[in-house]
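Student: Below are the sequence and a predicted model; questions follow.
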Amino acid sequence: MTRFRTLDDLGDVRGKRALVRVDLNVPMQDGAVSDDTRLRSTLPTVTELADKGATVLLLAHFGRPKGERRPDMSLAQVTKAYSHVLGRDVRFIDDCCGDGARAAVATLAPGDIAILDNTRFHAGEEKNDPALADAMAQLGDLYVNDAFSAAHRAHASTEGLAHRLPAYAGRAMQAELEALERALGRPERPVAAVVGGAKVSTKLDVLRHLVAKVDHLIIGGGMANTFLAARGVDVGKSLAEHDLETTALEILDAAERADCTVHLPYDVVVAKAFAANPPSMRTCNVHEVAADEMILDVGPAAVEALADALKTCRTLVWNGPLGAFETPPFDAATVALARTAAALTQEGSLVSVAGGGDTVAALNQAGVADDFTFVSTAGGAFLEWMEGKTLPGVKALERE
């Protein structure tokens, strides 16, 4: 039983106005939406509410206008693309509160859908101003949060509103919360976590939290170099945060106390220059990295060992690539391990949950994003969840 109120807990919504917080903060190019993934993720909730006769009012932010009205950050420019993705007419209302917005909402019929303009045009949005939350609440009869990606912010439209109207998790939010619960809340053991990326400093809290939660911690990317250096390995010119070596050792000690196996690469792919297919590229043992070389990917022997470790696991959480995946061939380790995880998921032996922008891009590059149990498009919210933090937008939806 979920701890959150969902659309299944809603009674008859015909004729009711549903304020739905969504993520419409999409990338634009030449005035057009260049990636509609976030728009599509809202469709199950919006169509379900509209089909049941609710008037659906979409709340969202766009960019960082910092409390000023800026035409280049108006959601008016997203409305046409959203209407196209939804396959229905979508109205645009040029404010998210106030007399003008109330008058415009009053003209909508049951089943109609409208996008209200950028919540961040109001300075009170990011301050979670009670007066702004009150003003927004006047437009609706119930509140649905379907924007997990904004759930780590305690803003008026993500947290404040949930205390002023009957509040529910939308279908995308529900899927996210249920997947996260399966991954780290009540996972099937053994649990593995892949944590990659350039810098340890950005994921210290994640690593500290995970060593007490998982059975296998796989560290990749530039972060692994810091841990290798902490263990006395000469990493040459590799990206590494040498000032954090003591911290890395503390994390390794904590892992040992928690009976968590930390996997660091023992063979690596190195080159003298960071470029696509450099002539100086070679694979070597971590103890053989030359002073003028940099580690750019995990080596094939280590990847094979990691694949064997995954085969013993029941649950996997993945955040961050193993190497400099955006520059071939330094995507090889990430692609190989992702394909192993996907195959194990498809055969039913592994629950795999991945999240974060680079991670989604890497899984798409490997052609396996659709084969994972769940892939979250949230960046900051996914990371804060991996750190074990309470997300205010989620907390506000919990059952009393």
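Tutor: Good, I have the coordinates.

Student: what's around the spatially closest residue to residue 297 that is not a sequence neighbour, how many residues?
Tutor: Using Cβ to Cβ, 6 or more residues apart in numbering and skipping residues adjacent in sequence, the residue nearest residue 297 is residue 323, 3.1 Å away. C-beta coordinates here come from the backbone N, C-alpha and C atoms, glycine included. Using other Cβ atoms under 10 Å, residue 323 has 28 neighbouring residues.

Student: for the one 5 residues further on, same thing?
Tutor: The number of residues packed around residue 328, counting by other Cβ under 10 Å, is 12.

Student: do you know how far it is from residue 12?
Tutor: Distance of residue 328 to residue 12, given as Cβ to Cβ, to the nearest Å: 55 Å.

Student: Same check on residue 373?
Tutor: 34 Å.

Student: Between these two, which has more neighbouring residues?
Tutor: Neighbours were counted for residue 373 and for residue 12 using other Cβ under 10 Å; residue 373 has more, 18 against 9.

Student: Pretty sure the residue nearest to residue 297 sits against residue 335.
Tutor: No: using Cβ atoms under 8 Å, residue 323 is not in contact with residue 335; the gap is 9.6 Å.

Student: shaky segments in the protein?
Tutor: 1-2, 400 (pLDDT under 70).

Student: So which elements touch the helix of greatest length in it?
Tutor: The longest helix of the chain (DSSP state H) is helix 332-346. Applying 3 or more Cβ pairs under 8 Å, 6 or more residues apart in numbering; DSSP states H and E, we find helix 332-346 packed against strand 294-298, helix 300-311, strand 315-319, strand 351-355, helix 357-366.

Student: let's see it at 7 Å
Tutor: If contacts are counted by 3 or more Cβ pairs under 7 Å, 6 or more residues apart in numbering; DSSP states H and E, helix 332-346 sits against strand 294-298, helix 300-311, helix 357-366.

Student: Buried residues of the second one, list them for me.
Tutor: Using 16 or more other Cβ atoms under 10 Å as the test for burial, helix 300-311 gives 302, 303, 305, 306, 307, 309, 310.

Student: got TSV for those, with distance to residue 109 too?
Tutor: TSV is the format used below for those (distance: Cβ to Cβ, whole Å):
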residue	distance to residue 109
302	61
303	57
305	61
306	56
307	56
309	57
310	52
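
Student: And the residues you listed, which is closest to residue 133?
Tutor: residue 310 (44.8 Å; Cβ to Cβ).

Student: The closest one and residue 393, how far apart?
Tutor: Applying Cβ to Cβ, the value for residue 310 to residue 393 is 32 Å.

Student: just residue 281 next, same as before
Tutor: Relative to residue 393, and taking Cβ to Cβ, residue 281 is found at 45 Å.

Student: okay, those two: which has more neighbours?
Tutor: For the pair residue 281 and residue 393, the greater number of neighbours falls to residue 393 (25 against 18), based on other Cβ under 10 Å.
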